[in-house]
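Engineer: one predicted model, sequence on top.
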Amino acid sequence: MRAVQIVKWQSDPEIREVPEPEAGPGQVVIKVGAAGACHSDLHVLYDYPEGAVPYELPFTLGHENAGWVHQLGAGVQGFEVGQPVAVYGPWGCGRCRMCSAGVEIYCEDPANAFVPSGGGGLGMNGGYAPYMLVPDARFLIPLPDGLEPVQAAPLTDAALTPYHAVKRSLPKLVAGSNTVVIGVGGLGHLGVQILKALSSTNVIAVDVKDNALELARSSGADVTIRSGDDAAEQVRDATGGRGADLVLDFVAAEQTLALAQKSVRLLGDLTIVGAGHGTIPVGFYTQPYEVSIQSVCWGSRPELAEVFQLALRGQVKPEVTTFALDDVLDAYRQMQDGTLKGRAVIVPNEG
Ligand SMILES: [Zn+2]
Ligand SMILES: [Zn+2]
């Protein structure tokens, strides 16, 4: 079968002929229905020199996956061939405290994880291929009726990640609170929808692009601000001069983090969601008192089940543009030049 693989660090991916996977004991092969293209793929492909990331090459990209059970390995129970499923993306050891709580991305025993800080599409073969091996049936979540793989795939990362980021700040998102969302792409537009679904916070979306601000409005943002020199001032105005109770930075570049730090209010949360390389100085005088600054990565299995329920209720609905397997580079280019609206989803079994 053909698969889109990372073959060399700091290079374009390649489409290569690879063997179809076989399910060993406890494993499952899925027929891939949809695999979301994530901005973090670009970081993995182009940012890191050899040795910077603990992954061995080559592997098939695509860490946001849903499809149908294709082959069940010996001993796997509770699934049927043809059943629609989504894949919980991070694959830890399954036994440590974090994995036991379903937060496998924060596995505390990476030496015994399937791959340290990764999963299918991140260090192991992912979903940019017609078939994908899932090395333990615990990573499969049955899709509820009414949820198609093309919608479900982006839920496993592009919605799960902002859901996790929003949920930890929920006690602060009371009526009259304000939340700033910086960067309204694949994750950001779902972040806006999740904020509106879970809280009564006033959502202020900030981006440099018209199409992103339009997507923010259709996702439910109350206020949109075009990012520029006066963005922090506009945020102050939109929050009655107080600043935001929560700032979610989906970009994490130098400028967006500076804006986030200027936008957050006393006792607020500044949460870094984007995998950008920006930094901000933190000290006694650099932000209002009792601001918490944190980075987050992905989310837990129970949270993914919750995200599916939001999707079934129509409260979370990814804006999706589909691409064939051969057009992965087009999807990445559109992400890089800012012309992509919402999430790019690869459909490897089309046609
Ligand atoms: Zn991702
Ligand atoms: Zn673990």
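Structural biologist: Here it is on my side, so go on. Since we're looking at a predicted model, the values are computed, not measured. Residues are numbered from 1 along each chain as shown. Ligands and ions are numbered 1, 2, ... in the order given.

Engineer: quick check: residues of this protein near ligand 2?
Structural biologist: Neighbours of ligand 2 within the chain, by Cβ under 5 Å from the ion: 92-93, 96, 99, 107, 109. Every residue, glycine included, has its C-beta placed from N, CA and C.

Engineer: number of nearby residues for the closest residue to ligand 1 within the chain?
Structural biologist: When scored by Cβ to the ion, the chain has Cys38 as its residue closest to ligand 1, at 3.1 Å. Other residues near Cys38 number 26, with proximity taken as other Cβ atoms under 10 Å.

Engineer: same check on Tyr106?
Structural biologist: 17.

Engineer: is it in contact with Arg97, as I believe?
Structural biologist: No. Using Cβ atoms under 8 Å, Tyr106 is not in contact with Arg97, being 9.3 Å away.

Engineer: which residues of the stretch 151-300 of the chain lie near ligand 1?
Structural biologist: Residues of the stretch 151-300 of the chain lying close to ligand 1 (Cβ under 5 Å from the ion) are Asp157.

Engineer: for the stretch 151-300 of the chain, which segments are assigned as strands?
Structural biologist: Assigned by DSSP state E, counting those that start in this stretch, the stretch 151-300 of the chain shows strands spanning 178-182, 202-207, 223-226, 244-249, 264-272, 292-295.

Engineer: can you give me the helices in this protein?
Structural biologist: Per DSSP state H, the chain carries helices over the ranges 39-46, 97-100, 149-154, 160-167, 186-198, 210-218, 231-238, 254-263, 301-312, 328-337.

Engineer: pipe these into CSV and attach distance to Pro21 per row.
Structural biologist: Shown next, in CSV, are the helices of the chain (distance: least, Cβ to Cβ, whole Å):
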stretch, distance to Pro21
helix 39-46, 20
helix 97-100, 23
helix 149-154, 18
helix 160-167, 24
helix 186-198, 27
helix 210-218, 36
helix 231-238, 47
helix 254-263, 39
helix 301-312, 22
helix 328-337, 19
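
Engineer: give me the distance between the residue lying closest to Pro19 once chain neighbours are set aside and Ala152.
Structural biologist: Spatial nearest neighbour of Pro19, chain neighbours left out: Met1 (7.6 Å); criterion: Cβ to Cβ, 6 or more residues apart in numbering. Taking Cβ to Cβ, to the nearest Å as the measure, Met1 falls 22 Å from Ala152.

Engineer: which of those two has more neighbours?
Structural biologist: Ala152 (29 against 14).

Engineer: list the buried ones in stretch 167-175?
Structural biologist: Across stretch 167-175, burial judged by 16 or more other Cβ atoms under 10 Å covers 167-169, 172-173.

Engineer: make CSV out of these and add distance to Leu325.
Structural biologist: As requested, the buried residues of stretch 167-175 are exported to CSV (distance: Cβ to Cβ, whole Å):
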residue, distance to Leu325
Lys167, 34
Arg168, 36
Ser169, 38
Lys172, 43
Leu173, 40
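
Engineer: mind putting these into TSV with pLDDT?
Structural biologist: Converted to TSV, the buried residues of stretch 167-175 look like this (pLDDT from 0 to 100):
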residue	pLDDT
Lys167	97
Arg168	96
Ser169	98
Lys172	98
Leu173	98
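
Engineer: closest one of these to ligand 2?
Structural biologist: Arg168 (20.0 Å).

Engineer: for the closest one, list the residues it contacts.
Structural biologist: Applying Cβ atoms under 8 Å, 6 or more residues apart in numbering to Arg168 gives the contacts 269, 271, 296.

Engineer: who wins on neighbours among the residues you listed?
Structural biologist: Thr271 (24 neighbours).

Engineer: in this structure that residue contacts Ala165, no?
Structural biologist: Yes. Using Cβ under 8 Å, Thr271 is in contact with Ala165, at 5.1 Å.

Engineer: which residues do these two both contact?
Structural biologist: With Cβ under 8 Å, 6+ apart as the test, Thr271 and Ala165 both reach 248, 296.

Engineer: list the residues that contact the closest residue to Asp207 other than its chain neighbours.
Structural biologist: Closest residue to Asp207 apart from its sequence neighbours, by Cβ to Cβ, 6+ apart: Val184 at 4.7 Å. Taking Cβ under 8 Å, 6+ apart, we find Val184 in contact with 192, 205, 207, 212-213, 215-216, 219, 221, 250.

Engineer: now these: which count as buried?
Structural biologist: Among these, the ones that count as buried by 16+ other Cβ under 10 Å are 192, 205, 207, 212-213, 215-216, 219, 221, 250.

Engineer: looking at those residues, which one is closest to Ser227?
Structural biologist: Of all the buried ones among the contacts of Val184, Ser227 sits closest to Asp207, with 6.1 Å by Cβ to Cβ.

Engineer: list the contacts for the closest one?
Structural biologist: Here Asp207 is in contact with 182-184, 188, 213, 216, 224, 226-227 (Cβ under 8 Å, 6+ apart).

Engineer: and the residues you listed, which two are the farthest apart?
Structural biologist: The widest separation within the contacts of Asp207 (Cβ to Cβ) is 14.5 Å, between Gly188 and Arg226.

Engineer: look at these two and report which has more neighbours.
Structural biologist: Neighbours were counted for Gly188 and for Arg226 using other Cβ under 10 Å; Gly188 has more, 29 against 14.

Engineer: roughly how far apart are the closest residue to the more buried one other than its chain neighbours and ligand 2?
Structural biologist: Nearest residue to Gly188, sequence neighbours excluded (Cβ to Cβ, 6+ apart): Phe250, at 4.3 Å. Plainly put, Phe250 is 27 Å away from ligand 2 if you go by Cβ to the ion, to the nearest Å.
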